[in-house]
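Colleague: what's the 3D shape of this:
(chains A and B)
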Amino acid sequence: MYCRQPLRTIETIDDLHYNLQLAVELEFSTLPTYLQALYSIKEGSNTIAYSVIRSVIMEEMFHLTNAANVLIATGGSPALNSPEFIPIYPTFLPDNEKWFEARLLKLSPQALMLFLAIEMPGDLVPISMITIGKFYENIEKGLKYLDEKMGADLFPCGTLDKQIEHKYYYGGGGIINKVTNLDSALFALNAIIAQGEGAPNKHWDPDKSFPLEDTTGIESGDHQLFMQPRELSHFYRFNELKKGRRYVLGDSHNSGPTGPEININYDDVYNLKPDPQSGDYIHYPELEEMNFNVNVIFSRLLDQLHLAFNGQPKTLETAVCTMFSLKEVIQILMRNPIPDNELGEYAAPTWEYLSPEERTLSSIR
Amino acid sequence: MTKCEQFDVVIIGAGISGAIMAQQLGAQQKKVLILEAGTGTDGRFFNNNDKKGYESYMDTFFTAMAKIPNAPFPNNPNAPQPLVTDTRNMSDGKPITNNGYFVQMGPNPFASTYTRSEGGTTLHWLGTCLRMLPEDFKLKTHFGHGLDWPISYDELQPWYEVAETMIGVSANARDQNYQQIDNPAVHIPFREGYDYPMEKIPQSFLDNYMNQGLQGMSVTIDYHHYPIKVVSTPQGRNGMPRGDYRPVGAVGNQNLGQRCAGNSNCVPICPIQAKYNALKTLAQAKTTGFVEVRNQCVVSDMALDEYTHEVKTVIYKQYTDTQTTDYEVKTVSGRIVVLAAHAVENAKILLAAGIANSSDQVGRNLMDHPTMLTWGLMPTDIGAFRGPGSTSGIPSLRGGEFRRKQAAFRIEIGNWGWSWPAGAPISTVPDLIDNKNLYGAELKRAISSVYPRMFRLGFLVEQLPDPNNRVTIDERYKDQLGNYRPVIHYQVTDYTRAGMAQAKQVSDELFAYLGVEAYTQYKQSDPGYVTYQGEGYSYNGAGHLVGTHIMGFNAQTSVVDKHQRSWDHPNLYLVGCGNMPTISTSNPTLTMAALTYWAADNVLKALEQT
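Modeller: Just a heads-up that it's a prediction; the model follows:
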């Protein structure tokens, strides 16, 4: 993913906190986009596509947590529950990339194009353009600078109990390590870069075959860092779906995937209205109420996550339950065609943060 | 005849005990072959064109009419398996020879089943991982009946720790030592500082409701007071990890199943493999590079060396398709042979080969936990049908002086309402619609006013080893490949019936204490209907098949020694629940796994010596 404007050098602790908060927002802003496509899949169908998108979502949550832990460890406080935290889709991503917009789409070839743009590795873009990898590298540079300047003051005491520990992280690739010093902070941020676009490689060769294992046909994005079964970076996982084939041993960037077919049936997907807005349901009180229910639970989730990242990590257990509730109400909503819609489109959630006052049904009537 | 293939170790059976053995030996670079009678998924999660993955089990489960424990797993006439729906009432005193895989000789029907597929019965187990009590290892010494084990709790204790780590058990040691229960007989010593690899699975709303509701309750047996305490159950189910432990996800789809996600479908199949199954250990075994798993190979015979009495060759029938009877007979040999095919199948193979039976104990002492259910409606919603099948139990009566006269039992608290006793909701909701003519708002009200209050207890009652409860073979009863079907003689004796009567008494007191409206009914037509002192009770199978080749102190009275080795054949080891001389009150898998880690260690030592 590209940033247009040059990244500003991080010179103060406030600069650092600003950038880490931006990182949290960046990671979060991909979730509605991915979840919209994931839940548009009719239950029990397209199992491989479901599993691939889900695995990326799990890792985006892992990235968010890593960025938040670094922020907490350096004395900052992540903010997750405000209307500003959640963009209105379609939107540019929070790091000011202007060449594509994140949208809310059903699973479709168009959605997969968008996913590939979001996860585009730095190696694939002109050297002058800034990528998400470089966004994190800039933070790492700032961390090193401040570590030298401030010494032990950069990582104040008393943040350990506020950080999220590994046991909470709900499956998927990666281990959450608490951040206590420069090394552990860099480890956390490197993990984000490695899983998203792949580990940075000074001598990237598009014809060099991926380091795939014989048996799994899967690359080692996570392998060395986490003792995980080998796994492709997000970009290549999505490319498998786009191309409808698995990567196997011997495949390279340029060869594309040449392995077994992945069957994706785009008919087994709810035909969701793209980029829905709450105004779309104004004439359909039942849909309006269902979408409202989604937003209420989504807002509750954000409140719980905010607490979890601000001194009450145990709240994450409750938040996981809320994530399941959110899935349920979203799937209930998505089963409904929008009346009188000439394109035969179905209702889809709008992903809005409601203030506590806005969470009574009367507020929409 | 072509040259016989040679391995360090040939293991028969790709269930949990075979998988553990293979993984342990493969990790030490021993060349291992596993022969599995059933079909398998070869480590796939997703279906891949015509190759089936774990996903195919879910497909089968969805379309099955009866969601019984073996519903998701292929019905394979070349490796047939018993089904709970096969069990019939035997009060007319006649054997049942043509209903399902088992030939039932009675006088009571044997009601438990197992799965003949790669991964074995762990594919459908609930995942309960209880340790045995120290007194369970010495029943004869303490209570004058049953048998003592040649191995003690203290000796097995380190292997329990290995098994709990390798299976991945979620529990808190401070709950599981039962020190909180004022009945010293049930206290289990844990090593100082030890804890399970994962934190306990959160207890259900019902568990917490009962825990509060039963504060202060005790029952009296022979003038002794036993406090009734609700305790979380240790489970082979992924929860929040401790320290560096990493939960093991689904085989072929590692990102799935790293935590239990409350699908409430543990039995018959966990859709995400958050529940442990032996496919995970098999995958680890194969990763060593020294283990080969050969599915669709049914072992039918073994040949001995005349002079050394060692097992020289293992003879098996390899079939290509489950629906045709075409097969090829093949032989392999191993420096050591491990029989890990399940209690009933192990006995069957030994009897067919006519080996390891100088004690005449092969097939004998078959045990199960006759499981008596009681059910009713709670006065308030208790959130039935949510979470894993059971997350807590009442272990207070697992041990005590009363075992001189009557069976001990563990009480399992069921989270799934009346699913076991009445088939709710799948078979009861259609009744509301078809026979009670309910629909719309009224149907919703009928369901929501009753179903969330449904409550069920299970009493897992111990059996003593009885040489007359046995698996035999008979030329008249064979499957389509010409392999023997198990012929089962089985009786629930008064010791166990007295335990059931006691359990019913405890249940009645408990229902009264909690204000439960009882719906329990034992019918004379139930397959497991038995009477004791004029009252009728019904048992079900627990799937805990134990004791068909028991270990013991000498070759005259037991089949294997303390090291799990056959007394008769120096290179033959038996593993699985068949080795257990008594069943007591814990679900046997964890103890069996601990014994198998111990056995693997002994096999390694034996391989090093030869």
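Colleague: Stretch B:198-212 and chain A, are they touching?
Modeller: Yes. Using CB under 8 Å from any CB of the partner chain, stretch B:198-212 reaches chain A at B:Glu199. For glycine as for every other residue, the C-beta is placed from the backbone atoms N, C-alpha and C.
Colleague: Flag every residue of chain B that's near chain A.
Modeller: Counting by CB under 8 Å from any CB, chain B comes close to chain A at B:46, B:48-49, B:55, B:62, B:199, B:240-242, B:246-247, B:249, B:253-259, B:261-262.
Colleague: For the buried ones among those, write the corresponding PyMOL selection.
Modeller: In PyMOL syntax, the buried subset of the residues of chain B next to chain A is picked out as below (16 or more other CB atoms under 10 Å in any protein chain shown):
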select buried, chain B and resi 46+48+55+240+241+247+249+253+254+255+256+257+258+259+261
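Colleague: now, which of the residues of chain B next to chain A lie within strands?
Modeller: Among the residues of chain B next to chain A, no member falls in strands (criterion: DSSP state E).
Colleague: where does the stretch 1-150 of chain A dip in pLDDT?
Modeller: By pLDDT under 70, the low-scoring segments of the stretch 1-150 of chain A are A:1-6, A:96-98, A:127-130.
Colleague: quick one: what helix or strand has the residue of it found nearest chain B in it?
Modeller: Ranking the residues of the stretch 1-150 of chain A by distance to chain B (CB to the nearest CB) places A:Ser55 first, at 4.3 Å. With elements taken from DSSP states H and E, the one containing A:Ser55 is helix A:47-73.
Colleague: Only alpha carbons, please: show the helix or strand just after that helix as PDB.
Modeller: The helix or strand immediately downstream of helix A:47-73 is helix A:109-118, counting by DSSP H and E. Taking Å, rounded to 0.1, in the frame of the first residue of the first chain, the C-alpha atoms of helix A:109-118 are listed here in PDB:
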ATOM      1  CA  PRO A 109     -13.200 -10.500  -8.400                       C
ATOM      2  CA  GLN A 110     -13.500  -6.700  -7.800                       C
ATOM      3  CA  ALA A 111     -13.100  -7.200  -4.100                       C
ATOM      4  CA  LEU A 112     -10.100  -9.400  -4.500                       C
ATOM      5  CA  MET A 113      -8.500  -6.700  -6.700                       C
ATOM      6  CA  LEU A 114      -9.000  -4.300  -3.800                       C
ATOM      7  CA  PHE A 115      -7.500  -6.800  -1.300                       C
ATOM      8  CA  LEU A 116      -4.400  -7.100  -3.500                       C
ATOM      9  CA  ALA A 117      -4.100  -3.300  -3.600                       C
ATOM     10  CA  ILE A 118      -4.300  -3.200   0.200                       C
END
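Colleague: from what I can see A:Ala67 touches A:Leu20, true?
Modeller: Yes. When contacts are counted by CB atoms under 8 Å, A:Ala67 is listed as touching A:Leu20 (5.6 Å).
Colleague: name the helices or strands packed onto the strand ranked longest in chain B?
Modeller: Selection of the longest strand in chain B by residue count, based on DSSP E, yields strand B:327-339. Using 3 or more CB pairs under 8 Å, 6 or more residues apart in numbering or on different chains; DSSP states H and E, the elements in contact with strand B:327-339 are strand B:5-12, strand B:32-35, strand B:297-304, strand B:311-319, helix B:343-353, strand B:572-574, helix B:589-609.
Colleague: What strands flank the third one, and is each parallel or antiparallel?
Modeller: Strand pairing for strand B:297-304, determined by DSSP bridges: strand B:311-319 (antiparallel).
Colleague: Could you figure out how far the partner strand is turned away from helix B:343-353?
Modeller: If you take axes from the mean of the first three to the mean of the last three CA atoms, to 10 degrees, strand B:311-319 sits at 110 degrees to helix B:343-353.
Colleague: could you dump strand B:311-319 to PDB, C-alpha only?
Modeller: Provided in PDB are the C-alpha atoms of strand B:311-319 (Å, rounded to 0.1, in the frame of the first residue of the first chain):
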ATOM      1  CA  VAL B 311       5.900 -62.100  16.300                       C
ATOM      2  CA  LYS B 312       7.500 -62.700  13.000                       C
ATOM      3  CA  THR B 313       5.100 -61.200  10.500                       C
ATOM      4  CA  VAL B 314       1.900 -59.200  10.500                       C
ATOM      5  CA  ILE B 315      -0.600 -60.200   7.900                       C
ATOM      6  CA  TYR B 316      -3.200 -57.800   6.600                       C
ATOM      7  CA  LYS B 317      -5.800 -57.400   3.900                       C
ATOM      8  CA  GLN B 318      -5.400 -54.200   1.800                       C
ATOM      9  CA  TYR B 319      -8.600 -53.100   0.100                       C
END
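Colleague: Pull out the buried positions in that strand.
Modeller: By neighbour count on 16+ other CB under 10 Å, the buried set for strand B:311-319 is B:Val311, B:Lys312, B:Thr313, B:Val314, B:Tyr316, B:Lys317, B:Gln318, B:Tyr319.
Colleague: and which of those residues is nearest B:Trp598?
Modeller: B:Val311 (20.8 Å; CB to CB).
Colleague: how far away is the nearest residue to the closest one once chain neighbours are set aside from B:His569?
Modeller: Closest residue to B:Val311 apart from its sequence neighbours, by CB to CB, 6 or more residues apart in numbering or on different chains: B:Val337 at 4.5 Å. As for B:Val337, its distance to B:His569 is 8 Å (criterion: CB to CB, to the nearest Å).
Colleague: which one of these two has more residues nearby?
Modeller: More crowded of B:Val337 and B:His569, by other CB atoms under 10 Å in any protein chain shown: B:Val337, with 25 against 21.
Colleague: Just list whatever residues bridge to the more buried one.
Modeller: The partner list for B:Val337 in beta bridges (DSSP bridges) reads B:Val10, B:Leu572.
Colleague: For it, give its distance to chain A.
Modeller: Distance check for B:Val337 against chain A: by CB to the nearest CB, to the nearest Å, it reads 28 Å.
Colleague: Give the full set of residues in contact with the one residue in chain B that gets nearest to chain A.
Modeller: With CB to the nearest CB, the shortest gap between chain B and chain A falls at B:Gln258, namely 3.2 Å. By CB atoms under 8 Å, 6 or more residues apart in numbering or on different chains, the contact list for B:Gln258 reads A:Tyr170, A:Gly171, A:Gly172, B:Asn238, B:Pro247, B:Val248, B:Gly249, B:Ala274.
Colleague: ok, which pair from those is furthest apart?
Modeller: In the contacts of B:Gln258, two members sit farther apart than any others by CB to CB. They are A:Tyr170 and B:Val248, at 14.8 Å.
Colleague: Any stretches of the stretch 301-450 of chain B with poor pLDDT?
Modeller: By pLDDT under 70, the stretch 301-450 of chain B has no low-scoring segment.
Colleague: what ranges do the helices span in it?
Modeller: In the stretch 301-450 of chain B, the segments counted as helices under DSSP state H, counting those that start in this stretch are B:343-353, B:419-422, B:429-434, B:440-450.
Colleague: for the first one, the distance to its chain's centre please.
Modeller: Distance, stretch centre to chain centre, for helix B:343-353: 18 Å (CA atoms, centre = their mean, to the nearest Å).
Colleague: So which residues make contact with it?
Modeller: Contact with helix B:343-353 is made by B:12-13, B:37, B:114, B:116, B:299-303, B:339-341, B:356-357, B:362-363, B:366, B:471-473, B:483-484, B:486, B:488, B:545-549, B:559, B:574, B:576-578, as judged by CB under 8 Å, 6+ apart.
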